[in-house]
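Engineer: sequence plus the predicted model coming up.
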Amino acid sequence: MNILTGNDLATGDVTWWTGEGWSIHVNDAVDVGDKGEEIAQAELAARRVNEAYVIEATAGADGIRPAHIKDRIRALGPTVRLDLSLKPADPSAGNWVI
Amino acid sequence: MLEFYTLREGGEAAELPAVTLEAFAGQSNATAVRIEPGEDARALLPHLDQVALVEVNFPVFGDGRGYSAARILREAGYTGELRAVGDVLVDQISHMVRCGFDSFAPDKPLDPALIEQAFTIFPNRYQKTVDPTVPIWALRHG
Amino acid sequence: MYQYDKYDQAMVDARVAEFRDQTQRRLAGQLTEAQFRPLRLMNGLYLQLHAYMLRVAVPYGTLSSKQMKMLAHIARKYDRDYGHFTTRQNIQYNWIKLSDAPDILADLARVEMHAIQTSGNCIRNISSDQYAGVAADEIADPRPLAELLRQWSSFHPEFTYLPRKFKIAVISSKQDRAAMRLHDIGIELVEKDGVVGAKIFVGGGMGRTPMIAPEIRDFVPFSEVVSYLEACLRVYNRHGRRDNKYKARIKILVHEMGKEEYTRQVEEEFAHMKTLGLDPPVAELERIAAHFAPPPYEIGLSDEIDLSDRDFAVWVDSQVAPHKQPGYAIVNISLKPIGGIPGDASSAQIDLIAELAAQYSFDELRVTHAQNIVLAHVKKADLYALWKALEAADLGTANLDLISDIIACPGLDYCSLANARSIPVAQKIAQRFSDIGRQKELGELKLKISGCINACGHHHAGNIGILGVDRKGVENYQLLLGGSGAEDVSLGQITGPGFDENGIVDAVEKATEVYLANRTEGERFVDTYRRIGMAPFKEALYA
């Protein structure tokens, strides 16, 4: 699947396109098919996101998994500071990015 | 919004047809010339007394060669119009003035209020360049 | 240390106002990201993996306790309670909101700090020796010239849109603690006929194409340094490559044009520049230098240190360096606890170090390019109390210049340019060699890790260097041997095929075994490597 990601313009938070808006949780991302670039341009113009781009991902039992490690780290947070990640209670959360 | 802005007396855009540096070298009657990034502003130095307008082109604002071109011309005593053209943004023009530009013909018009602000926001400057600003080190040592 | 006058203060205040306006225009849609990006970068604001990142300048690495406390305040108020000290003696905050950035700059301006030109294709923060002013072998304190150049380079109208970023280092000792010759311009203070001036090196750097800067002039008097640097920069601004960002640094220009031709053009431009009255009077450098007068040392202090506490003795042996004033010492505070994140410090730690500097070191601190902190003037009689306080805050690690004193860039955990993570590798190596006896047995061994080819972690300059690369979406690590960023500057050589995360830790260990098996009396790791060459290491690594 193709998903759309970027950073919130004002806060810098990593965000994922949900079909209606933006979420910080990658599992809320939807397949944008070939519409990603079009949505990105509209959202950039509306200043709801910064530096938006389309990536490949797969949907499985564990949720949505971006194809590249960089976006998996963006989805989780820094693996060396899991206390600051989106899964602070899971000491093995870092394994997901590999 | 301004499509042309000048600090020169009179305030009108001199509508001289600017020729390329190459064309200028081959035709002695031209009085306006346009310098592209990468061209040597010093090639003009022997002819400064016949030039009334030099346009320095900024195809993209991040290409800073035009700043050196402008300063070189002023350092050599050029007193004619020095115009920045192309991708000229309001956040760059105070630096351009310090390098000797005195008029601006941007691709996209400039907001006069922002121009005013750009010229007044910094009360002083650290460097001596080709504009009349007295640098901070000179203010300190009277 | 330097203190702003009304002019300096007005400049940073104006910058805050300017950036506040630019940020508002961006948030209101009057500036596109393409237009705003260079403006925010020139105020140190990047967009990184998880948020905006703000890089705050610590000019030539020196700051006061009050300034250090402000760095802690910013970490607490605007970030997630910590900061990261970098290889360019700056500090970075990883979780900044764009909308907060103007307020942060305003807070910094209140303590005479800024983030001006900590990014962008302009002249960056000028770095220096963390032992400036206290090293026994220095010609003169390099910081007054560095401050003069900070002012000269701030908002320089001709050199704000250079082909690429531009880094300057100033040192004054034969011992190079600032990787001077790996900078775009390296300046070494030298004495000629009884006069102090500047020796100039141009065209060094790391990154994709590492180069050691050649000397292009043996002496420039202080009264002409600004003209000379303007000449160096102008030749670069006009002729540096702009067609390919990977070939845009001045090192490529000097290399392609040739040192002789580059020097010739600089000299020609310099002859012209000298006539323009660009140089501040010598009185200006003297005015600045007066701020760097030595602190009021006590006279007649003992040089004795009671080393009966064994752990304290280990720390002193590793972290304390000789000071030119009798009875005083230079203290290196390690930001490299075993298993920690190199260069990271919590706001509580930053506050504590600030308080200790106020109490024990005349209110002044230094940041080092190796991502540690220095208290430059500590009475030997105070060392024990200082160590106790550091120990209690997890700041008492004794590993200066040992294998666990690792330089590491933020890597793929934080950085949008990175190809692989650096910090986990640093942590695993430090843990593998956690035994201090083992580290000391290995002796001086500078290990440096970068998460991509841009080399923020100085891997080319590591006795052991590690470069993280992306191999088909999987992190992979190349090993380099033989680099040095010191006065014996050299560039490391890649050993061969890369390793995975655990494999690179094993490879480092094997390299140390080759060293131990081959070293002769008094040889450091890098000395042995230089004597025996790559072959024995390769054999052990790829057997």
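Structural biologist: Received the coordinates, thanks. Numbers count the residues shown, from 1 in each chain, chains lettered A, B, ... in the order given.
Engineer: number of residues surrounding the residue in chain B positioned nearest to chain A?
Structural biologist: Nearest residue of chain B to chain A (C-beta to the nearest C-beta) works out as residue B:108 at 16.7 Å. The C-beta positions use only the backbone N, C-alpha and C, and glycine is treated the same way. Neighbours of residue B:108 under the rule other C-beta atoms under 10 Å in any protein chain shown: 11.
Engineer: okay, residue 30: pLDDT?
Structural biologist: Here I'm looking at chain A. Note on residue A:30: pLDDT of 98.
Engineer: wait, I meant chain C there
Structural biologist: For residue C:30, the model assigns a pLDDT of 92.
Engineer: just residue C:84 next, same as before
Structural biologist: 98.
Engineer: and it, that's in a helix?
Structural biologist: No. Read with DSSP: H, G, I helix; E, B strand; the rest coil, residue C:84 is strand and lies in no helix.
Engineer: secondary structure class for the closest residue to it other than its chain neighbours?
Structural biologist: Distances taken as C-beta to C-beta, 6 or more residues apart in numbering or on different chains put residue C:92 closest to residue C:84, at 4.6 Å, once the chain neighbours are dropped. What three-state DSSP gives for residue C:92 is strand.
Engineer: by residue count, what's the longest helix in the chain?
Structural biologist: In the absence of a named chain, this looks at chain A. helix A:36-45 (DSSP state H).
Engineer: that's the other chain; I wanted chain B
Structural biologist: Max-length helix for chain B by DSSP H is helix B:65-75.
Engineer: report whether the helix or strand just after it contacts chain C.
Structural biologist: Sequence order places strand B:81-86 as the next helix or strand after helix B:65-75, per DSSP states H and E. No. Figure legend: strand B:81-86 not in contact with chain C (C-beta under 8 Å from any C-beta of the partner chain); closest approach 12.3 Å.
Engineer: check which helices and strands strand B:81-86 sits against.
Structural biologist: strand B:53-58, helix B:65-75, strand B:103-106 (3 or more C-beta pairs under 8 Å, 6 or more residues apart in numbering or on different chains; DSSP states H and E).
Engineer: including distance to residue C:394, could these go into CSV?
Structural biologist: CSV is the format used below for these (distance: least, C-beta to C-beta, whole Å):
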stretch, distance to residue C:394
strand B:53-58, 52
helix B:65-75, 49
strand B:103-106, 55
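Engineer: return the most buried member of these.
Structural biologist: helix B:65-75 (a mean of 25; mean count of other C-beta atoms under 10 Å in any protein chain shown).
Engineer: check which helices and strands that helix sits against.
Structural biologist: Looks like helix B:65-75 contacts strand B:53-58, strand B:81-86, helix B:93-98, helix C:225-239 (3+ C-beta pairs under 8 Å, 6+ apart).
Engineer: ok, back up a step: can you list the helices and strands packed on strand B:81-86 in TSV and add mean pLDDT?
Structural biologist: Below are those laid out as TSV (pLDDT from 0 to 100):
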stretch	mean pLDDT
strand B:53-58	97
helix B:65-75	98
strand B:103-106	96
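Engineer: for residue C:410, which of the ones you listed is the nearest?
Structural biologist: Among the helices and strands packed on strand B:81-86, helix B:65-75 comes nearest to residue C:410, with 32.9 Å by C-beta to C-beta.
Engineer: just give me how far that closest one sits from the chain centre.
Structural biologist: Helix B:65-75 sits 8 Å away from the centroid of its parent chain (C-alpha atoms, centre = their mean, to the nearest Å).
Engineer: contacts for it?
Structural biologist: Contacts with helix B:65-75, where a contact means C-beta atoms under 8 Å, 6 or more residues apart in numbering or on different chains, come from B:35, B:37-39, B:41-42, B:44-45, B:48, B:54, B:56-58, B:82, B:84, B:95-96, B:99-101, B:129-130, C:157-161, C:234, C:237-238, C:242, C:272, C:276.
Engineer: which helix of chain C spans the most residues?
Structural biologist: Per DSSP H, chain C has its longest helix at helix C:6-27.
Engineer: what's that one packed up against?
Structural biologist: helix B:136-140, helix C:33-41, helix C:101-110.
Engineer: check the offset of the lowest-mean-pLDDT helix or strand in chain C from the chain's centre.
Structural biologist: Using mean pLDDT, DSSP states H and E, the weakest-scoring helix or strand in chain C turns out to be helix C:33-41, at a mean of 92. Relative to its chain's centre, helix C:33-41 lies at 25 Å (C-alpha atoms, centre = their mean).
Engineer: now swap in stretch A:51-60 and tell me
Structural biologist: That offset, for stretch A:51-60, works out to 7 Å (C-alpha atoms, centre = their mean).
Engineer: next: stretch C:526-537.
Structural biologist: 27 Å.
Engineer: what sits up against stretch C:76-86?
Structural biologist: A:84, C:55, C:71, C:74-75, C:91-97, C:100, C:103-104, C:107, C:335, C:341, C:343-347, C:350, C:367, C:371-373, C:410, C:456.
Engineer: in strands only, show me the residues you listed.
Structural biologist: The strands, defined by DSSP state E, take in C:55, C:91-96, C:344-346, C:367, C:373 from those.
Engineer: mind listing what the closest residue to chain C within chain A touches?
Structural biologist: At 3.6 Å from chain C, residue A:12 is the closest residue in chain A, using C-beta to the nearest C-beta. When contacts are counted by C-beta under 8 Å, 6+ apart, residue A:12 touches A:50, C:47, C:50-52, C:95-98.
Engineer: could you rerun that using 6 Å?
Structural biologist: Residues near residue A:12 by C-beta atoms under 6 Å, 6 or more residues apart in numbering or on different chains: C:51-52.
Engineer: then residue B:87?
Structural biologist: Shown in contact with residue B:87 (C-beta under 6 Å, 6+ apart): B:58, B:60-61, B:107.
Engineer: do that again at 8 Å, thanks
Structural biologist: Counting by C-beta under 8 Å, 6+ apart, residue B:87 has contacts B:58-61, B:106-107.
Engineer: now, which of the residues you listed sits nearest residue A:67?
Structural biologist: residue B:60 (32.7 Å).
Engineer: ok, residue A:15 to chain B distance?
Structural biologist: 28 Å (C-beta to the nearest C-beta, to the nearest Å).
Engineer: state the pLDDT value of that residue.
Structural biologist: 98.
Engineer: again, but for residue C:382
Structural biologist: For residue C:382, pLDDT reads 98.
Engineer: with residue B:16 instead?
Structural biologist: 75.
Engineer: so where's chain B shaky on pLDDT?
Structural biologist: B:11-14, B:28 (pLDDT under 70).
Engineer: residue C:166 versus the residue in it positioned nearest to chain C, what's the distance?
Structural biologist: When you check chain B against chain C by C-beta to the nearest C-beta, the closest residue turns out to be residue B:64, at 2.8 Å. Relative to residue C:166, residue B:64 is positioned 11 Å away (C-beta to C-beta, to the nearest Å).
Engineer: intersection of neighbour lists for these two?
Structural biologist: With C-beta under 8 Å, 6+ apart as the test, residue B:64 and residue C:166 both reach C:121, C:159.
Engineer: you'd agree residue C:13 is up against residue C:109?
Structural biologist: Yes. The criterion here is C-beta atoms under 8 Å, and residue C:13 meets it with residue C:109 at 5.6 Å.
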